[in-house]
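[1] Sequence first, predicted coordinates after that:
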Amino acid sequence: MMQKRWTALALAALMLVTTSCHRQTQPEDSSQSSQSTWTQSADSSQREEPEPVKEPPSWEEGRTVDDLPDDYNGLELPIQGATGYASVKLPLWAAMEDSEAAALAVEEWEKAQEEAERLAQEQAAAAAQAQGQAQAAAQASDTAAPETPVSEAESVPGAEPVQTQPDTSSSEETAAPAQEQPAQAQDGAQPEEGQTQPEQPAAEEGSSAGEAPAPETPAAPEPTAPQTESPAAPETGETPEGEAGTEPEEEEKPPTLTDGALALLAPGTPFTVLREEGAWWEIAVTADCFTDEEQIETESRETTGWVEHKYCFVNLPDVIPSIIYDATNSYSSHFVSCGKRIPEVTGEAFYPSKTYNQRLGKMEFMMPVLYSMAFRLCEAQQNALAEGNSLILYEGYRPHSVQTQVLSALSAIARTDPEVKEAVTGEPWSISWFISGGYSNHQRGYAVDMGLAKVTATKEYTTGGLRYVRVWNYERYEMPTPIHELSRAAATFTAPVTINSTTAWKSAELSQDMAANEPALGLQRYCTDAELTPLASEWWHFNDLATRSQVLSNQGTGGFAISSVRSTAPG
């Protein structure tokens, strides 16, 4: 009996030692957070173990990171070597001038179409006016004929030619109708060729007697007029006269803005940025990323060309490495409502997580936004670092499929849970303020979800001979709610604010929880000082409306997931 007890005690001690050793093991080269969670990377064997939960840090003023990152033209690292992505179907050009030539061809074609339409309208108006005049003249001639009695014609034979000739051909007022209605002008010459032989003697008996059947005689010549026009109609397919010569130009396929492009990159296509020149990037991309419509013929799978970067995403860790990245929706979604799990949403991994980033020499999340937004996020991060804090980026681009899945699941739970229903639909809010039913700014590429952390340690690194700084240790601040709490509890303001205004939020009233939370106010200040706009219903959400204005005519719809990077060292 005593031996069994000693054996049990020995096993318990062994288990205690093993557990203690396991807890002391830390992953190599990984930032530590007091509130970090299990993170599944592209390599499922590598996980970050959570530390014991501690009290959130207190807000301090006047602190600063000892070694701020360098500035490379508004970013922490140059764009050269960073991974970019097409946000829409994007033409790849051999030279920037080819795009200008295509745009010029479209502009000239549109001007030609406008001019042709103007001329057609003028011709139609002139024809309508001439037809109206002809009809008026015809009516005038029809009413003028009965005014000459038959008895006068017989009593004054010398006057008959003077009255009858102007009625048919010599009058200036009836000259136009004579051309428009040739059958009437030929009434005096055509009876012999027509089928009105019984009427011919009547016409010979007296010229005034022949005027009575004149309105009836056009019935015979009328078919001959369309016969002269009908051959042109089947050949051209056009009914207006005189337009046969312009038909080949109208049948030609109009030019497009992608004519002459090497290929069309499908939305979500990854590429490496080689260099930047004005509004353009020279990129390297593999041929298998081209759309089916336009395939470039090349023996090599790799090709280079130029794209307009305003329609491109950039992978944020490549250009702002000091931000803390934690794409929760890529490994375990934090979406809840009233603190309650949302079935088929909470804890789900919606899209690929971390992958190895050669530029940074580590596993890192893929976090894309439109390129111009990266500069404002970099400014917001510099504002935070200057006070000893750092942004935490939870999500940038979000696939539309994720958006619709969350909306469907939240709507379902709101139908059965009165508390959730009131939290997302109670006045003055609606469910669309917490998860959009259409295409949100996350799909467009100019919205981010962020939190804030207190920096306790940084480390310096180099890539391509260039220096950059990463946050090594940090503590997350306690915010009004956990990230992605979909309810009015997370509201920034007490009521909705126009979403596309850069100034309306300034006069809005802060919610009670927001007004009492210094870290949340600090996050808002860092972002708004960088010209990002807060969302009324979510303290963590910020829009870049300046970037939005650049892509309004050609916005993405989020029909893809980001699954790879092509990052290399700059230079």
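    Arrived safely.
[2] give me the element residue 378 is part of.
    According to DSSP states H and E, residue 378 maps onto helix 371-385.
[3] So which bits of that helix are buried?
    371-385 (16 or more other Cβ atoms under 10 Å). Using the backbone N, CA and C atoms, a C-beta is placed for each residue, glycine as well.
[4] same check, this time on stretch 87-107
    The neighbour-count check on stretch 87-107 (16+ other Cβ under 10 Å) flags 87-93, 96, 98-99, 102, 105-106 as buried.
[5] hmm, which two among the residues you listed are most spread apart?
    87 and 105 (25.0 Å; Cβ to Cβ).
[6] Secondary structure, pLDDT and distance to residue 464 added to the buried residues of stretch 87-107, as TSV?
    Compiled in TSV, these are given as follows (DSSP: H, G, I helix; E, B strand; the rest coil; pLDDT from 0 to 100; distance: Cβ to Cβ, whole Å):
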residue	secondary structure	pLDDT	distance to residue 464
87	coil	98	26
88	coil	97	30
89	coil	96	32
90	strand	96	26
91	strand	96	29
92	strand	97	25
93	strand	97	27
96	helix	93	26
98	helix	90	31
99	helix	90	30
102	helix	87	35
105	helix	85	40
106	helix	84	40
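[7] now, among these, which is nearest to residue 252?
    Closest to residue 252 out of the buried residues of stretch 87-107 is residue 105 (12.0 Å), distances taken as Cβ to Cβ.
[8] So the spatially closest residue to that closest one that is not a sequence neighbour versus residue 108, what's the distance?
    Spatial nearest neighbour of residue 105, chain neighbours left out: residue 255 (4.2 Å); criterion: Cβ to Cβ, 6 or more residues apart in numbering. According to Cβ to Cβ, to the nearest Å, residue 255 stands 8 Å off from residue 108.
[9] Of these two, which one has the most company?
    Neighbours per residue (other Cβ atoms under 10 Å) separate residue 255 from residue 108, with residue 255 holding more: 18 against 11.
[10] In three-state terms, label that one for me.
    coil (DSSP: H, G, I helix; E, B strand; the rest coil).
[11] who's in contact with it?
    102, 105-106, 109 (Cβ atoms under 8 Å, 6 or more residues apart in numbering).
[12] confidence score at it?
    Residue 255 carries a pLDDT value of 87.
[13] Please state the backbone phi and psi of residue 353?
    phi -100, psi -130 (degrees, to the nearest 10).
[14] ok, and the closest non-adjacent residue to it?
    Distances taken as Cβ to Cβ, 6+ apart place residue 330 nearest to residue 353, at 4.1 Å, with adjacent residues excluded.
[15] Show the contacting residues for the one you found.
    Residue 330 is in contact with 349-354, 365, counting by Cβ under 8 Å, 6+ apart.
[16] Remind me what the longest strand that the chain contains packs against, helices and strands.
    Longest strand in the chain, counting residues (DSSP state E): strand 447-463. Here strand 447-463 touches helix 371-385, strand 389-395, strand 466-476, helix 518-529, strand 538-543, going by 3 or more Cβ pairs under 8 Å, 6 or more residues apart in numbering; DSSP states H and E.
[17] of the ones you listed, which approaches residue 401 most closely?
    Closest among those, using Cβ to Cβ: strand 389-395, at 14.3 Å.
[18] Paired strands for that closest one, with orientation please.
    With DSSP bridges as the test, strand 389-395 is paired with strand 324-325 (parallel), strand 447-463 (antiparallel).
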